[in-house]
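Undergrad: no letters, just coordinates:
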């Protein structure tokens, strides 16, 4: 309750939450708002936006409704963005926390393992993974998660390395707290700020990576996504700006909203900032 | 003191008149400093004394034009040779800085550029102020390094700051300040970050150059011992106001203002607390160290040799219940390492740690964890030792909960202990950043007591605190220790504090115990040459604050002792500068 109250005092975060809420609503309501399959040709090709009231955002070169594409694509983009980030953060925090807390040989082993993932260009690896497991939402999500956790792991490790030397952590050792408890309740909350900021940026990157995969033809062919729409628009950039503009704008809004929310959560969780904005 | 006669003959070098600097809204008071008026005469050392948050550094910063953007002088003037420094354009002020007024900062390492040799840094000062001939500059650099007492100026000129010791760095900073023969030197806590023996050398140096160059020195400090050593005149500040000023003789020996009297009463006096009773020693010892060793090895890859630092060497000691053992030494003496080994935050290399007769040295962390609650620690830095994301209640109850006590039960205990350490019960739901340093240290003490330990290790537990707060915390520790009959290991760099609270003292240097014995004996008749040097370096040894306070108490009109301790013990009124 307290959390909600303090969160609602942060205007940026509230605006972000509203935007994200609308996008989520749109994704849920897409089958009702646009009952026709977004892949189907419904009108004249290359209809300009606002020309035909039935297709307010125009159509692409095959006569597919852009508005329908954006509404249906929201589901895929958000799903892939958030789920892959959650998985990546989970792996990254676990690896980084253990490496940073214990140090020594455990740290060495885990970091060499992390580097093994880091030395392969992330996108190339995602392409290979998706190609191997055949494109589907699950494989794309996992591929993105697998290529993006090493950054989180490194970040968390660095935070843990410095935090575990702090006196309050030593004090927790001295009063007899167990190691998992110290990691979870003493160190992790203090390392949350950079994790949240990175995570909100990772959602954005994940959405873009999915776009890039779709662009290469490795998207899930059964579902519409924003990335696919931008990819398809590439050849028509000069003739039909709206084909790339609207999905691009949708990505921008989603990413912005998630960043605002991330920042808001970060502020709310930091007791130092409490009361300052009132 | 010839201050009064000098007043007649010469105009003051610098005069601060009615200076007020406003604080931004939301602070506990309206002005950082209010209506400050003082003069600095040529050839005198003026000490500005106060506790943290008193605004003592503020005028110094105003003189140098180093005030942060948010703080603006709203009234008054700072006159230097007929010019008001506050209204001077930035360009002229820059010309004055260094040439006429120079400053020495507290932390010599951060005041020096780590990527430039010390010679280059002094050279730069000369170059910036218009000395273009590099031959002249080189000569001057060597002169200056020699003047501040650095050995082999020609070699040290090419050293980087990290190669030098703290005292040597501070000498370099002073050399930079002196480069252009300023007429005013401002020193802001220049010895606070240094060991006591180094501090004594730097104080001597400042006194010497002040005498030779006839400069006016403004010396900002919190330490009355330092004041007693070097001041000609003293200004005492409290909460942004000058509460007392006068010659060193007057302020130190006949303090008039209650605040000054309180500060002087709080100065650790080094008089021993009285030895431990012989009866105590007849019991079985609580803790016994036998030939404890610890060596740090750092670096050392495949191709390089590791750096080896012996931190603790062949240390043996015995501690009984109800006894306080002081571990004294300068930085790098291994005293903190020793504390951390006893509490098993660090693993010893060899030797025994017998706690109630059981050797805990070889125990694994997991095996030792159930015993942890009996051995507790009070940490040094009250700002770093409390988790900023937890409430005080959570911080206090975490320990008992980890040891299987239910949260509500732990809460009850926490509230009792908050009362014991002099904090209000409402502290339970607050966060650490809402408290001042002294209050946080009380929270740290309460946390250590939550688990009913019988052995308490206090690692520099009062070093980060102002003297008046330090005195209260010391008293609190002593009271608790006596009431609960704990064994306490009190680690400190300050012999005065150690002598005041400890029954016995061991003196460490480079990992070795050089002397041990009852506090009174160590302090009054040190045997080892190193202990003698440490004691000789204590600032203000010719001045006895106790005597001052006792003589004050004899005067009938005295109000100083009415209430300071009881007032500040209450939560919410103690040290306002958070």
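TA: Received it, and whenever you're ready, just let me know what you need. Just so it is clear, the structure is predicted and the values come from calculations on it, not from any experiment.
Undergrad: with adjacent residues omitted, what lies nearest to the residue of the stretch 201-350 of chain B at minimum distance from chain A?
TA: Closest to chain A within the stretch 201-350 of chain B is residue B:345: 5.5 Å, counting by Cβ to the nearest Cβ. C-betas here are computed from N, CA, C, even on glycine. Excluding its sequence neighbours, the residue lying closest to residue B:345 (Cβ to Cβ, 6 or more residues apart in numbering or on different chains) is residue A:170, at 5.5 Å.
Undergrad: list the contacts of the residue of the stretch 201-350 of chain B closest to chain A.
TA: By Cβ atoms under 8 Å, 6 or more residues apart in numbering or on different chains, the contact set of residue B:345 is A:170, A:173-174.
Undergrad: do residue B:154 as well
TA: residue B:142.
Undergrad: helix or strand right after the helix or strand harbouring it?
TA: Taking DSSP states H and E as the definition, residue B:154 sits inside helix B:153-156. Per DSSP H and E, the first helix or strand lying C-terminal to helix B:153-156 is helix B:166-178.
Undergrad: can you check the pLDDT for residue A:39?
TA: Residue A:39 carries a pLDDT value of 83.
Undergrad: can I assume it is in contact with residue A:222?
TA: No: taking contacts as Cβ atoms under 8 Å, residue A:39 lies outside contact range of residue A:222: 9.1 Å.
Undergrad: give me the more crowded residue out of the two.
TA: residue A:39 (15 against 10; other Cβ atoms under 10 Å in any protein chain shown).
Undergrad: which residues does that one contact?
TA: Residue A:39 sits next to A:64, A:224 when contact means Cβ under 8 Å, 6+ apart.
Undergrad: spit out the contact partners of residue A:110.
TA: Contacts of residue A:110 (Cβ under 8 Å, 6+ apart): A:95, A:98-99, A:153, A:157.
Undergrad: looking at the residues you listed, state which has the most neighbours.
TA: residue A:153 (27 neighbours).
Undergrad: can you classify the residue of the stretch 201-350 of chain B closest to chain A by secondary structure?
TA: Following DSSP: H, G, I helix; E, B strand; the rest coil, residue B:345 is assigned to coil.
Undergrad: quick check: the gap between it and residue B:419.
TA: Distance from residue B:345 to residue B:419, counting by Cβ to Cβ, to the nearest Å: 29 Å.
Undergrad: where's stretch A:150-169 relative to the chain centroid, distance-wise?
TA: 23 Å (Cα atoms, centre = their mean, to the nearest Å).
Undergrad: is it positioned near chain B?
TA: Yes: with Cβ under 8 Å from any Cβ of the partner chain as the criterion, chain B is reached by stretch A:150-169 at A:166-168.
Undergrad: Throw the residues you listed into JSON lines and include neighbour count and secondary structure, thanks.
TA: Output for the residues of stretch A:150-169 next to chain B, formatted as JSON lines (neighbours: other Cβ atoms under 10 Å in any protein chain shown; DSSP: H, G, I helix; E, B strand; the rest coil):
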{"residue": "A:166", "neighbour count": "19", "secondary structure": "coil"}
{"residue": "A:167", "neighbour count": "20", "secondary structure": "helix"}
{"residue": "A:168", "neighbour count": "25", "secondary structure": "helix"}
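Undergrad: just the closest of the contacts of residue A:110 to residue B:264, please.
TA: Closest approach to residue B:264 among the contacts of residue A:110 (Cβ to Cβ): residue A:157, at 50.5 Å.
Undergrad: which stretches in the stretch 151-300 of chain B count as strands?
TA: B:184-188, B:216-221, B:233-238, B:241-247, B:287-298 (DSSP state E, counting those that start in this stretch).
Undergrad: any residues touching the fourth one, and which ones?
TA: The list of residues contacting strand B:241-247 from outside it, by Cβ under 8 Å, 6+ apart, reads B:1, B:3, B:33-38, B:232-237, B:251, B:255-257, B:259-260.
Undergrad: name every strand pairing with it and say which way it goes.
TA: strand B:233-238 (antiparallel) (DSSP bridges).
Undergrad: what residue in the stretch 151-278 of chain A comes nearest to chain B?
TA: Using Cβ to the nearest Cβ, the single residue of the stretch 151-278 of chain A nearest to chain B is residue A:175, 3.2 Å away.
Undergrad: quickly find the element holding residue 93.
TA: Defaulting to chain A. helix A:66-102.
Undergrad: that was the other one, I meant chain B.
TA: With DSSP H and E as criterion, residue B:93 is part of helix B:90-99.
Undergrad: tell me how far residue B:385 lies from residue B:437.
TA: Counting by Cβ to Cβ - residue B:385 and residue B:437 are separated by 11 Å.
Undergrad: which helix or strand in the chain has the lowest average pLDDT?
TA: Using chain A. Within chain A, no helix or strand scores below helix A:2-8, which has a mean of 78 by mean pLDDT, DSSP states H and E.
Undergrad: oops, wrong one, chain B.
TA: For chain B, counting by mean pLDDT, DSSP H and E, that's helix B:564-569 with a mean of 38.
Undergrad: now render the contacts of residue B:345 as a markdown table, adding secondary structure.
TA: Shown next, in a markdown table, are the contacts of residue B:345 (three-state DSSP):
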| residue | secondary structure |
| --- | --- |
| A:170 | helix |
| A:173 | helix |
| A:174 | helix |
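Undergrad: what subset of these is buried?
TA: A:170, A:173-174 (16 or more other Cβ atoms under 10 Å in any protein chain shown).
Undergrad: mind giving me a markdown table with those residues and columns for distance to residue B:80?
TA: Below are the buried ones among the contacts of residue B:345 laid out as a markdown table (distance: Cβ to Cβ, whole Å):
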| residue | distance to residue B:80 |
| --- | --- |
| A:170 | 49 |
| A:173 | 54 |
| A:174 | 53 |
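Undergrad: how about the residues of chain B near chain A?
TA: Residues of chain B lying near chain A (Cβ under 8 Å from any Cβ): B:343, B:345, B:369-370, B:372-373, B:375-377, B:379-381, B:384-390, B:398-399, B:402-403, B:431, B:433, B:444, B:447, B:450-451.
Undergrad: ok, the spatially closest residue to residue B:539 that is not a sequence neighbour - how many residues close by?
TA: The spatial neighbour of residue B:539 that comes closest, neighbours along the chain excluded (Cβ to Cβ, 6+ apart), is residue B:225 at 3.5 Å. Residues within reach of residue B:225, counting by other Cβ under 10 Å, total 23.
Undergrad: how far away is residue B:225 from residue B:491?
TA: On the measure of Cβ to Cβ, residue B:225 and residue B:491 end up 20 Å apart.
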